[in-house]
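Q: coordinates only, sequence not included:
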């Protein structure tokens, strides 16, 4: 008997769960391409597996969902539903409503009152046409009104995430109103269930009073005990311990059991426990992360499949039924859209924003389906009416995304400036950060306002190392001076160096990520990466301001650029870890390559529907390169990328800088950066200008303190090579800086500016009028020039020679993607072949010169710079 029952469980449940999960995932792949929430796929999958589609195939239901297995499936589905309502309770944060109390309350109440009234009116003809007379009309009217007034808060969060509306004024108001709507909706549903299950009005009142008393007991004494236990077990600081998780799960099932036996559905007890869990230290977010994947992948599709088995659209088989179905959908949308739109308009929004609020609040999704299933189980709804409402919920949820996209396109959106961003943008109290432009003056090469990007823990060492390089020594005076022209010197007062640390957190389609976005104002004080960097600033007496942003990964680069622009940053500091394994892509260095054999595989016809499954596209190194290249492509400020090679030899000794100068805007920026580094007495540098010439012999001139070529003209070498500066991009998934082709005039201008920048420092003669700090910095720099047909190899050899003396070698290079006088493609290809490496991704990210240094392991670390493109 036991074996027989176990076999029934295997056949009826395990196989069915596999079919359900596969159906939901396949549909979500397709619907995700048109930006529809996953709940659409889950509901649609359930309907297709039911009698509407596959269930009509002879023998399908009997073999996949046999009658004997349905009780087991129902048990598992209801367990999952309780877990889901617990997660819904975790999502609800009262502080969101408090921050926008006036707007959210007005919109929420309007989105409940008008739809409830329209639903009550429509319930009268529906009752007389489709409902059994034994059902009380009052009960049916309540369920209809609740189904009309509900808004699917979990689905709403995912739509706001997908459409990137969480940080807009509309998104914040909708999120706040959705929380209030959810609380009122579940309360009305609890009242409805209590009335249905009670034999009389007095019994219903008694049930309701017990439910209210139990809710008060959970929200006050139990909530305080849970907070005390969280602090006692260290769950607030370190995440929930095993003991705390056990207590939460036991409380969840105990509360669900209690609300079920008093005559209210078990889901309300689970929902209340989710609200009770403390929010301190991101505890609720951590609990969400532990449970959400199992619930969303297994339990929810199972529940919606059971709902789909009860949905039979074949029952909508005549004109009257379809007329009622259209009326249900139309009145439901009219009530939500009209009520919320008018409330938002009266609250001060424009018509476009107000209509967007109304469209978002009309989203139904899974919450209405839960309400409908409760009504069906209680016998209030017939299968025909149930099918009508399921189709209405599916239609309105499907329409939400395209309607919002049309009403509120990205160019029309108003970004909310929260207290977090206002505080970060305010700068120090002394006002040293209140500068209009992010770019330094033309005659002032020093950068002193920086944006540091923190996205991963493994990038922290690189970020701190790069920040340490730009710090002035404690003994240096606050004011430093600079040469402002080739003929005169002017003292320049340099404000104190300020650093703004921008913490980026990926906003994924998980609910926990949405919760992080809502709790950004508290996460900024508890985030470990920001805590580490703040301590680093305190130890180095550095003014550090912090900001935190939760955005989709595709928006990382845009957020960095926008943040740097709003904070007037002069240099964006990025960490980057090069791939440690062999690179996935083959190196193609020809400027105009012939049709390679691999090109036939570049386009996958299935990618348009299912997306890209390429491992190279999704690897951590490739995704990080995509982010860095996106910043390079969009930034209106100078950008510096620190590359940590992992070489820790020579730690504790003084650091030496090697800079191979080839010309172009990026190399000129790198030259100024090297001089600024050498303001630190512990830094020394070697700067070599490489000139590509076809010569029989090469001679490396002996470096001196300041190498001066008397009467020698800087050679013009633009005639040596003709190249196209347009950077081609094979895949649109990787943004890159694209420049137009360089003309003869622009090349000559670039070469002239190169010579001026080189002469400014390399040919500067000692003069008592020169500021002392600049003289000291230049005395620590060795300048020289070197002509060779293979400049990259010469630079690698020079770096190897320097490392014999200075173990800690920092190489500084320009990215040199535009107006560089030399093309290194063919030489770089030979170097890659010599060292047994290939990496188009690396070359596109950091340029030819830095790529050669990386593959040859020439340095302990590298800094790659790109100058901002200033539009006149």
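A: Arrived safely, thanks for sending. The shown structure was predicted, so the numbers you read here are calculated from the model rather than taken from an experiment. Numbers count the residues shown, from 1 in each chain.

Q: which helix or strand in the chain has the lowest average pLDDT?
A: Every helix and strand of the chain was ranked by mean pLDDT, DSSP states H and E. The lowest is helix 419-426, at a mean of 37.

Q: pLDDT on the helix or strand following it, on average?
A: Following helix 419-426 in sequence order, the next helix or strand is strand 449-454 (DSSP states H and E). The average of the pLDDT scores along strand 449-454 is 95.

Q: run through who's touching the next helix-or-strand element following strand 449-454.
A: Note on strand 449-454: by DSSP H and E, the next helix or strand toward the C-terminus is helix 460-470. Helix 460-470 is contacted by residues 447, 450, 452-454, 497, 499, 529, 532-533, 536, 540, 542, 571, 573, 575-577, 640, 642-644, 676-677, 680, 683, 810, 861, 863 when judged by C-beta atoms under 8 Å, 6 or more residues apart in numbering. Quick note: C-beta positions are derived from backbone N, CA and C, even for glycine.

Q: cool, stretch 524-544 as well?
A: Stretch 524-544 is contacted from outside by 281-282, 420, 428, 452, 454, 457, 460, 463-464, 467-468, 471, 474, 496-501, 503, 546-548, using C-beta under 8 Å, 6+ apart.

Q: start to end distance for it?
A: 13 Å (C-alpha to C-alpha, to the nearest Å).

Q: centre of the chain versus that stretch, how much separation?
A: Chain-centre distance of stretch 524-544: 22 Å, with C-alpha atoms, centre = their mean, to the nearest Å.

Q: buried set for that stretch?
A: Buried residues in stretch 524-544, counting neighbours by 16 or more other C-beta atoms under 10 Å, are found at 524, 527, 529-530, 532-534, 536-537, 542, 544.

Q: residue contacts, the nearest residue to residue 379 once chain neighbours are set aside?
A: Among residues not flanking residue 379 along the chain, residue 135 sits closest, at 6.7 Å (C-beta to C-beta, 6 or more residues apart in numbering). By C-beta under 8 Å, 6+ apart, residue 135 lies in contact with 127, 379-380.

Q: how near is residue 135 to residue 378?
A: 9 Å (C-beta to C-beta, to the nearest Å).

Q: angle of the host helix or strand of residue 630 against strand 449-454?
A: Under the criterion of DSSP H and E, residue 630 resides in helix 620-634. Angle, helix 620-634 to strand 449-454, by axes from the mean of the first three to the mean of the last three C-alpha atoms, to 10 degrees: 160 degrees.

Q: and the next helix-or-strand element following helix 620-634, average pLDDT?
A: Helices and strands here follow DSSP H and E; after helix 620-634, the next one along the chain is strand 638-644. Across strand 638-644, the average pLDDT comes to 93.

Q: how about stretch 816-829?
A: Average pLDDT, stretch 816-829: 75.

Q: same thing with stretch 312-322?
A: The pLDDT scores in stretch 312-322 average 93.

Q: what do you get for stretch 95-103?
A: Stretch 95-103 shows a mean pLDDT of 78.

Q: who's in contact with that stretch?
A: With contacts defined as C-beta under 8 Å, 6+ apart, stretch 95-103 is touched by 104-105, 172-173, 175-177, 179-180, 279, 344, 347, 518.

Q: just among these, which is most surrounded?
A: Using other C-beta atoms under 10 Å as the neighbour test, those are led by residue 177, with 32 neighbours.

Q: who touches that one in this structure?
A: Residue 177 is in contact with 103-105, 107-108, 111, 151, 340, 357, 361, counting by C-beta under 8 Å, 6+ apart.

Q: next one: residue 508 relative to residue 162, how far apart?
A: 11 Å.

Q: more neighbours: these two, which one.
A: Just comparing residue 508 and residue 162: by other C-beta under 10 Å the higher neighbour count belongs to residue 162, 18 against 14.

Q: list the contacts of that one.
A: Neighbour list for residue 162: 35, 37, 401, 509 [criterion: C-beta under 8 Å, 6+ apart].

Q: how about 6 Å then?
A: By C-beta atoms under 6 Å, 6 or more residues apart in numbering, the residues touching residue 162 are residue 35.

Q: okay, residue 711: pLDDT?
A: Residue 711 carries a pLDDT value of 36.

Q: buried ones in stretch 398-405?
A: Neighbour-count burial for stretch 398-405, counted by 16+ other C-beta under 10 Å, picks out 398, 400-401, 403-404.

Q: now swap in stretch 350-367 and tell me
A: Buried-residue list, stretch 350-367, by 16+ other C-beta under 10 Å: 353-367.

Q: need the contact partners of that stretch.
A: 39, 111, 150-152, 155-156, 170, 174, 333, 336-337, 340-341, 344-345, 393, 396-397, 400, 403-404, 407-408.

Q: now do 7 Å
A: Residues outside stretch 350-367 that contact it (C-beta atoms under 7 Å, 6 or more residues apart in numbering): 39, 107, 111, 150-156, 159, 169-170, 173-174, 177, 333, 336-338, 340-341, 344-345, 349, 393, 396-397, 400, 403-404, 407-408, 412.

Q: and residue 506, backbone torsions?
A: Per-residue torsions, residue 506: phi -70, psi 130 (degrees, to the nearest 10).

Q: wait, a helix at residue 787?
A: No. Per DSSP: H, G, I helix; E, B strand; the rest coil, residue 787 lies outside any helix segment and is strand.

Q: what is the neighbour count of it?
A: When counting by other C-beta under 10 Å, one arrives at 20 neighbours for residue 787.

Q: cool, residue 121 as well?
A: Number of residues near residue 121 (other C-beta under 10 Å) recorded here: 14.

Q: the one 3 residues further on now?
A: Counted with other C-beta under 10 Å, residues neighbouring residue 124 total 13.

Q: what does the one 5 residues further on give?
A: Using other C-beta under 10 Å, residue 129 has 12 neighbouring residues.

Q: what helix or strand is it on?
A: Taking DSSP H and E as the criterion, residue 129 maps to helix 101-130.

Q: buried residues in that helix?
A: Using 16+ other C-beta under 10 Å as the test for burial, helix 101-130 gives 103-104, 106-112, 114-116, 118-120, 122-123, 126-127, 130.

Q: with stretch 261-278 instead?
A: Neighbour-count burial for stretch 261-278 [16+ other C-beta under 10 Å]: 262-278.
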